[in-house]
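Chemist: sequence first, predicted model second:
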Amino acid sequence: MARINVMNAIEEARKNISSRYDISFHTLVEITEKYPTKYQIASAAFCLGYGQGLKAAKAEKINGEKGE
C-alpha cells in the first residue's frame, strides 16, 4: 500500500468539507479545555468529525439529502 502525503491529504480534504460539518472555534476551545495533551485533543477532534460524518451519511441515506 502506498504511503500518503499526510499534509497534502489534510489540505485536499479541507477543500471538500461542507461548512455544515466544519469544526467551530467554540468546539475547539471546549475540546482543548477538556483534554490536557495534544494527542487527546487530536483524537477527540477526529472522533467528533468521524461521528459527524456518520450522522451525515445516515441522514443522506434516510432522506436522500446532499451536502452543500
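Modeler: Noted; the coordinates are in hand.
Chemist: ok, Ile31 touching Leu48?
Modeler: Yes. Applying Cβ atoms under 8 Å as the test, Ile31 and Leu48 come out as touching, 7.4 Å apart. No exception for glycine: its C-beta is placed from N, CA and C like everyone else's.
Chemist: how much space between the residue most central in space within the chain and Ala2?
Modeler: The structure's the chain has its C-alpha centroid closest to Gly49; by Cα atoms, centre = their mean the separation is 2.8 Å. Counting by Cβ to Cβ, to the nearest Å, the gap from Gly49 to Ala2 is 24 Å.
Chemist: cool, Leu28 as well?
Modeler: 32 Å.
Chemist: more neighbours, those two?
Modeler: Each of Leu28 and Ala2 has its neighbours counted (other Cβ atoms under 10 Å); Leu28 has more, 14 against 3.
Chemist: so for that one, what's the pLDDT?
Modeler: We have a pLDDT of 94 for Leu28.
Chemist: excluding covalently adjacent residues, which one is nearest to it?
Modeler: Ala45 (7.4 Å; Cβ to Cβ, 6 or more residues apart in numbering).
Chemist: packing partners for the helix or strand in which that neighbour is found?
Modeler: Secondary structure assignment for Ala45, by DSSP states H and E: helix 38-63. In terms of contacts (3 or more Cβ pairs under 8 Å, 6 or more residues apart in numbering; DSSP states H and E), helix 38-63 is packed against helix 25-34.
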